[in-house]
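[1] A structural model of the following input is requested.
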Amino acid sequence: MGVKEFYWLAGIIEGEGNFSIKNNSSPTITISMTDEDVIDRVAKILKRPYSKEDRSHRPNAKDIYTVNICGVDAISWMFTLYSLFGKRRQAKILEIIKFWRAVPVTKNKGNYCNVHQREITHLNGYKSGKYTLRCAECLNDSKQRLYERRKASS
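    Modelled structure (predicted):
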């Protein structure tokens, strides 16, 4: 992403964005508007899909397009764009970060590993009545330990 896109994104979020805590634990940035081309561009920058709210049942109402970014990715964008926002948005971001830091990782409904606090990307074998959830780094660590055990036993 170029500098121009970076500042453009900050302006769109400042004007059309919303910072919140979703489901009482997940930091969220939501951008909604009636311009699909703008939301499409935002979604591509954030690498997220966008949704459409069909409002054709209401006279003179335009469809609304929305893109959301949640969890650690939202926090990362909040930190990255923080200095470009006005005081009100900065205060909201600080409030969300403070809340997010206070929530134990285990409250995040298993979406994040307890070791690296990264998003779960792998569902491993069934053990003790449940599946093992791991982030990519945990999976690599596990594979490395298995490789070392096999090498040592040879």
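[2] per-domain residue ranges of this protein.
    As given by automatic domain parsing, the domain ranges for the chain are 3-103, 105-154.
[3] could you dump the ones you listed to TSV with mean pLDDT and mean neighbour count?
    For every residue, glycine as well, the C-beta is placed using N, CA and C. Shown next, in TSV, are the domains of the chain (pLDDT from 0 to 100; neighbours: other Cβ atoms under 10 Å):
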stretch	mean pLDDT	mean neighbour count
domain 3-103	90	15
domain 105-154	60	12
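[4] in a helix, Tyr27, correct?
    Rather than Tyr, residue 27 is Pro. No. Using DSSP: H, G, I helix; E, B strand; the rest coil, the assignment for Pro27 is strand, not a helix.
[5] what about it, distance to Ser51?
    19 Å (Cβ to Cβ, to the nearest Å).
[6] Ser83 belongs to a strand?
    No. Per three-state DSSP, Ser83 lies outside any strand segment and is helix.
[7] so where do the strands sit in the protein?
    Taking DSSP state E as the test, the strands found in the chain are 17-22, 26-33, 50-53, 64-70, 122-127, 130-134.
[8] now for the longest helix along the chain, which elements pack on it?
    Looking across the chain with DSSP state H, the single longest helix is helix 136-153. Helices and strands touching helix 136-153, by 3 or more Cβ pairs under 8 Å, 6 or more residues apart in numbering; DSSP states H and E, are strand 122-127.
[9] name the nearest residue to Thr34, sequence neighbours excluded.
    Distances taken as Cβ to Cβ, 6 or more residues apart in numbering put Lys62 closest to Thr34, at 4.0 Å, once the chain neighbours are dropped.
[10] isn't the one you found right up against Glu36?
    No. Using Cβ atoms under 8 Å, Lys62 makes no contact with Glu36, being 9.6 Å away.
[11] picking that back up, how near is the residue nearest to Thr34 to Trp8?
    Distance of Lys62 to Trp8, computed by Cβ to Cβ: 22 Å.
[12] distance check, the residue nearest to Phe99 when sequence neighbours are not counted against Leu81.
    Of all residues not flanking Phe99 in the chain, Ile21 sits nearest, at 5.9 Å (Cβ to Cβ, 6+ apart). Using Cβ to Cβ, we find Ile21 at a distance of 18 Å from Leu81.
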